[in-house]
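>>> no FASTA, just this:
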Ligand SMILES: [Mg+2]
């Protein structure tokens with residue numbers, strides 16, 4: 001199989017709502033000994049580390065690696081704390097679709113602003129973490145394009161092949177733009193931060209409302 005399928009996580013594989021980021025925002029509060037340190041920060045389609053920098057700026061704190069390491073420890077503790085709650089839920093038949101792709105032998109990868117550890121907790125809960133042996137994560141780069149490039153580079157290495165075609169599946173306008181920049185097709189799902197008409201403006205190759213009725217062949 002020479003087509004790399006690149007998945008976004010939040011709003012695509014898992015439902016995204018005000019509770020999705022609770023472990024992250026709780027960790028920011030704990031680190032800074034603050035209340036609601038994430039207030040007013042738009043986290044959609046951004047890398048977790050980029051968001052972290054903004055949280056610090058807003059609190060008037062200078063970034064240091066030491067703080068980042070401390071944050072990661074607190075974050076892992078909170079991910080553990082929330083893993084058996086229902087804050088992460090499957091989105092629109094995504095896991096069945098991912099399994100269908102995997103069973104047909106398609107190479108899969110992730111393109112997400114999530115830190116690898118956050119991605120792991122969320123996708124383990126969905127039962128699909130092991131189907132994504134590689135990915136571009138929030139610690140790989142600060143912007144989405146560089147994260148996507150990293151995902152492709154790692155996938156080339158892991159799957160030991162050059163991909164003839166690539167498909168990005170995501171819920172935001174930024175995912176469409178990123179797909180175009182890396183020369184991939186784009187599939188937009190209307191379950192995330194951007195509405196159908198906002199997505200349509202950027203002419204993705206395909207727009208879907210869910211994964212239930214999506215045939216693999218429709219991706220190409
Ligand atoms: Mg998303």
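Arrived safely, thanks for sending. Everything quoted here is computed from the prediction, not taken from an experiment.
>>> Run through the strands of this structure in chain order.
3-7, 108-111, 135-136, 165-170, 185-189, 206-208 (DSSP state E).
>>> What separation is there between residue 209 and residue 153?
32 Å (Cβ to Cβ, to the nearest Å). Glycine gets a C-beta too; all of them are placed from N, C-alpha and C.
>>> and what of residue 81?
In terms of Cβ to Cβ, residue 81 sits 34 Å off from residue 153.
>>> quick one: contacts for the nearest residue in space to residue 129 that is not next to it in sequence?
Leaving aside its sequence neighbours, residue 129 sits nearest to residue 123 (Cβ to Cβ, 6 or more residues apart in numbering; 3.9 Å). With contacts defined as Cβ atoms under 8 Å, 6 or more residues apart in numbering, the neighbours of residue 123 are 9, 13, 129, 132.
>>> what do you get for residue 110?
Contacts of residue 110 (Cβ under 8 Å, 6+ apart): 6, 7, 8, 9, 119, 132, 134, 135, 136, 137, 151.
>>> Check residue 45 and give its pLDDT.
Note on residue 45: pLDDT of 77.
>>> In this structure, which residue sits nearest the ion?
residue 11 (3.8 Å; Cβ to the ion).
>>> how close does the residue nearest to that residue when sequence neighbours are not counted get to residue 112?
Sequence neighbours aside, residue 192 is the residue nearest to residue 11 in space, at 2.7 Å (criterion: Cβ to Cβ, 6+ apart). Separation of residue 192 from residue 112 (Cβ to Cβ) stands at 13 Å.
>>> May I see the buried residues of stretch 152-159?
152, 154, 155, 156, 159 (16 or more other Cβ atoms under 10 Å).
>>> And for stretch 21-30?
21, 23, 24, 25, 26, 27, 28, 29, 30.
>>> Report the mean confidence score over that stretch.
Rounded mean pLDDT across stretch 21-30 is 95.
>>> With stretch 195-213 instead?
What stretch 195-213 shows for mean pLDDT is 96.
>>> Show the end-to-end separation of it, please.
20 Å (Cα to Cα, to the nearest Å).
>>> follow-up on the earlier one: which member of the buried residues of stretch 152-159 is positioned nearest residue 92?
Nearest to residue 92 among those is residue 155, at 24.4 Å by Cβ to Cβ.
>>> Enumerate every residue touching the closest one.
4, 107, 109, 134, 163.
>>> With adjacent residues omitted, what lies nearest to residue 81?
residue 23 is the one closest to residue 81 (Cβ to Cβ, 6+ apart), at 7.1 Å.
>>> For residue 192 and residue 112, list the residues in contact with both.
With Cβ under 8 Å, 6+ apart as the test, residue 192 and residue 112 both reach residue 10.
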